[in-house]
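1. my questions are about this predicted structure, shown below with the sequence.
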Amino acid sequence: MSLVRNPARYAQAEFLLSVPHPRQAPQDEGFEVAFAGRSNAGKSSALNTITSRKGLARTSKTPGRTQHLVFFRLDDHRRLVDLPGYGFARVPEAMKLKWQQAMRTYLTDRQALKGLVLIMDIRRQLTDFDQILLDWCIQYQLPVHILLSKADKLKRGAAKSALLKMKQDLQGYTGISIQLFSSLKRDGVEEAQQKLDEWLRWDEVIETSETSETSEP
């Protein structure tokens, strides 16, 4: 049975916590979907567009300002996570390495993490770190959904060609899906939400330890 879509679920997103390291993250339970990408790929804009919350994730003309893992609450058991941007930020190399280590720890150890949304500028090629990130996800069997962002910057035919090329480039990978996306025109929002619906398992009723205790005779 397919899940009935309810986009309003994402509009209730609210800031929960911002931490520099995964060990300071909320309790590792429930369902999380993380958003990652090059610092100027439109990651924060994608989060704001998908949730219909213009100011939810901080956007800036200076890429790389997201230096923490930022958790957004959807309900008591479901969260979206904005991961540190990479590759473009004008910060010391030591800081970049620290971000990358935090991301790797989160991606490989976090049990609540059910999927990764990777935002890539449709006009750019796969970067070395995009490749590393995908390899981590494949190794740890974490599904990835790629948003080819800023699709409005290309004509329709060129955008479709870019999508086809990316699919061909990633043919050898499993667990990866790809779509076109535009925050400006809100193109691809429904498709992205459908993938989140799948990972966040809105149809599952989650029993907490408190609920289990009180239900015992």
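-> Sure, I can see it. Residues are numbered from 1 along each chain as shown.
2. counting by contacts, list what the longest helix seen in the chain packs against.
-> Looking across the chain with DSSP state H, the single longest helix is helix 93-109. Judged by 3 or more Cβ pairs under 8 Å, 6 or more residues apart in numbering; DSSP states H and E, the packing partners of helix 93-109 are strand 31-37, strand 113-121, helix 128-139. (Glycine included, C-beta is placed from N, CA and C.)
3. out of those, which is the most enclosed?
-> Comparing these by mean neighbour count (mean count of other Cβ atoms under 10 Å), strand 31-37 comes out on top with a mean of 24.
4. quick one, the helix or strand just after that strand and strand 113-121 angle?
-> For strand 31-37, the following helix or strand on the C-terminal side (DSSP states H and E) is helix 43-51. Between helix 43-51 and strand 113-121, the angle formed by their directions is 120 degrees, by axes from the mean of the first three to the mean of the last three Cα atoms, to 10 degrees.
5. now do the buried residues in the very next helix or strand once past helix 43-51.
-> Where DSSP H and E defines the elements, the next helix or strand beyond helix 43-51 is strand 69-75. Going by neighbour count (16 or more other Cβ atoms under 10 Å), the buried part of strand 69-75 is 69, 70, 71, 72, 73, 74.
6. who is the residue most central in space within the chain paired with across the strands?
-> Nearest to the mean C-alpha position of the chain, counting by Cα atoms, centre = their mean, stands residue 35 at 1.9 Å. In this structure, residue 35 bridges to residue 82, residue 117 when assessed by DSSP bridges.
7. now residue 6, nearest residue through space, not along the chain?
-> residue 202 (7.4 Å; Cβ to Cβ, 6 or more residues apart in numbering).
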